[in-house]
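Student: Kindly return the folded structure for what I paste below:
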Amino acid sequence: TRSRGLGDVYKRQGAHSGSGLVEKDITLAIARRLARVLESRGHRVRLTRDGDQSRALTDRTALANRLDAVAFVSLHANASTASSVSGAETYYMSLDKASDADAAATADLENRAGASSGNQTPLDLILWDLAQAEVLNESAELSLAVQRSLNNRVGGRDRGVRQAPFVVLTGATMPAILVEVGFLSNTSEAARLAQPDHQQLLAETIAAGIEEFVR
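Tutor: Below is the predicted model:
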């Protein structure tokens, strides 16, 4: 593997828990662990951010494209107005519309939470859509492998694989997915996401799904 891209209820920094946990901190911690797991198994990994800095959503896939990455994985933590909602879910790009209303709402929140570089022309977007269409099936396969691993190793509610028009996945020329590792709006799940042991479990689980796809 050549490289990996890696992170009202939402604010500029993403989802927040009632206890003050912030999505960007949780996902960066998991991403660093995921990178170490993959590197220990001989893969080359590149994080789109390795600290508390901001990077435009479209710049992240642009970096993965420049690196000729084998796969792009974007990690996120979800939030809902219903505190009972929990579980992990995995997305890949939809060039048309979301697979369901919940997927559309999640994409809208994630898209609004991230900065945009603002320099894309209509031609850029058309070319990016064409490039994404070529890898859509592989993105679906990667999504299924990661979600299956999450279901088998982490347990909890299986929220499945869905499609939605995420800005962060737009323009990727390799299989690209977005993993929502859990809901910060759910008190018990937020507490688990803050625990190093659970973060390590998620990292190892996502790594296993990636490796299954690569094999």
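
Student: Which stretches in this protein count as helices?
Tutor: 23-40, 57-66, 101-113, 122-134, 136-153, 187-193, 196-214 (DSSP state H).

Student: Ok, which of the ones you listed comes nearest residue 176?
Tutor: Closest to residue 176 of these, according to CB to CB: helix 136-153, at 5.5 Å. For every residue, glycine as well, the C-beta is placed using N, CA and C.

Student: for the chain, what helix or strand is lowest in average pLDDT?
Tutor: Sorting the helices and strands of the chain by mean pLDDT, DSSP states H and E puts strand 10-11 at the bottom, at a mean of 35.

Student: returning to what we had before: rank the helices of the chain by pLDDT, which is bottom?
Tutor: Mean pLDDT values for the helices of the chain show the minimum at helix 122-134, a mean of 62.

Student: Surely residue 189 and residue 182 touch.
Tutor: Yes - judged on CB atoms under 8 Å, residue 189 makes contact with residue 182 at a distance of 4.6 Å.

Student: Which neighbours do these two have in common?
Tutor: 86-87, 156 (CB atoms under 8 Å, 6 or more residues apart in numbering).

Student: gap between the two ends of stretch 178-197?
Tutor: With CA to CA, to the nearest Å as the measure, the ends of stretch 178-197 fall 22 Å from one another.

Student: from the chain's centre, how far out does that stretch sit?
Tutor: 14 Å (CA atoms, centre = their mean, to the nearest Å).

Student: Could I get the buried residue list for that stretch?
Tutor: Within stretch 178-197, the residues that count as buried by 16 or more other CB atoms under 10 Å are 178-186, 189-190, 192-194.

Student: coming back round to it: adding distance to residue 169, write the helices of the chain out as a markdown table.
Tutor: Below are the helices of the chain laid out as a markdown table (distance: least, CB to CB, whole Å):
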| stretch | distance to residue 169 |
| --- | --- |
| helix 23-40 | 15 |
| helix 57-66 | 7 |
| helix 101-113 | 9 |
| helix 122-134 | 7 |
| helix 136-153 | 8 |
| helix 187-193 | 22 |
| helix 196-214 | 16 |
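
Student: Of the ones you listed, which is nearest residue 166?
Tutor: Closest among these, using CB to CB: helix 101-113, at 5.1 Å.
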